[in-house]
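> build me a model from this:
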Amino acid sequence: MTTRFTRLTAVALAYEPINVDTDQIIPARFLKFPRSEGYGRFLFHDLRFADDGSELPDFVLNREPFRHAQILVGNDNFACGSSREGAVYAFADHGIRALIAPSFSDIFFNNCLKNGVVPARLPAPVCARLRKMIAEKPGTQLTVDLEASQVVEPDGATHAFTIDAFFREMMLAGVDEIGFTRGLIAEIEGFEKSYSREAPWVAG
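Model prediction:
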């Protein structure tokens, strides 16, 4: 089971670096911790905190109004590197439910879809303009509309993105692959009964 996602309007933060890898998103040493304790505290840990655990004031997630942003607008090749699913856990547990970037690593993109985080790919010039808007007007809210498959700017301008229809339906329903399959139990049982009547030699 994942958290249902339909339409989110929230404060967005701009993250300028390119080639952000998953070890920056969550250093490998934190992957030993149980997910039940939450991975949000590990998000960008070594960039957010000093050695003594204090916040580094220049890092975007340590500043208002970005501290509680739920949408991140990134740059090229976001979340490259290793395939660790913990990178998506860190975003989800921190409260960031949507990521917008020109490109993501394929494995990270798919991990997002399986864990209730929307990865919206938009053209690089659009992402650059959104990051500039956010930097110039802190507190800017964007809307990520999964039902309409579009990102909406404050002035109403829209940008379409594409997500595989199967995963889109799962995210709209708030279920994972197991939950999706369980929702089809009646159809599965009906097929099995029908098939056993039509081909009893197989069922036997």
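> which residue is nearest the middle of this protein?
Val117 (2.5 Å; Cα atoms, centre = their mean).
> and the gap between that residue and Phe166?
For Val117, the distance to Phe166 equals 16 Å [Cβ to Cβ, to the nearest Å]. Backbone N, C-alpha and C define where each C-beta goes, glycine included.
> next up, phi/psi of Ala120, please.
Phi and psi for Ala120, reported as degrees, to the nearest 10, are phi -100, psi 120.
> swap in Arg41?
The phi and psi values for Arg41, taken as degrees, to the nearest 10, are phi -70, psi -10.
> and Glu192, how many neighbours?
Residues near Glu192, counting by other Cβ atoms under 10 Å, number 11.
> pretty sure it sits in a helix.
Yes: Glu192 sits within a helix when classified using DSSP: H, G, I helix; E, B strand; the rest coil.
> separation between it and Pro200?
Distance of Glu192 to Pro200, computed by Cβ to Cβ: 12 Å.
> Val20 too?
Distance, Val20 to Pro200, using Cβ to Cβ: 57 Å.
> ok, now Asp155?
Distance of Asp155 to Pro200, given as Cβ to Cβ: 64 Å.
> neighbour count: the two, which is higher?
Counted by other Cβ under 10 Å, Asp155 and Pro200 do not tie: Pro200 has more neighbours, with 9 against 6.
> would you mind splitting the chain into its domains for me?
Residue ranges for the domains of the chain, per automatic domain parsing: 7-173, 176-204.
> and those domains, which one is worst for confidence?
With a mean of 66, domain 176-204 has the lowest mean pLDDT of the domains of the chain.
> is it true that Glu147 lies in a helix?
No: going by three-state DSSP, the assignment for Glu147 is coil, not a helix.
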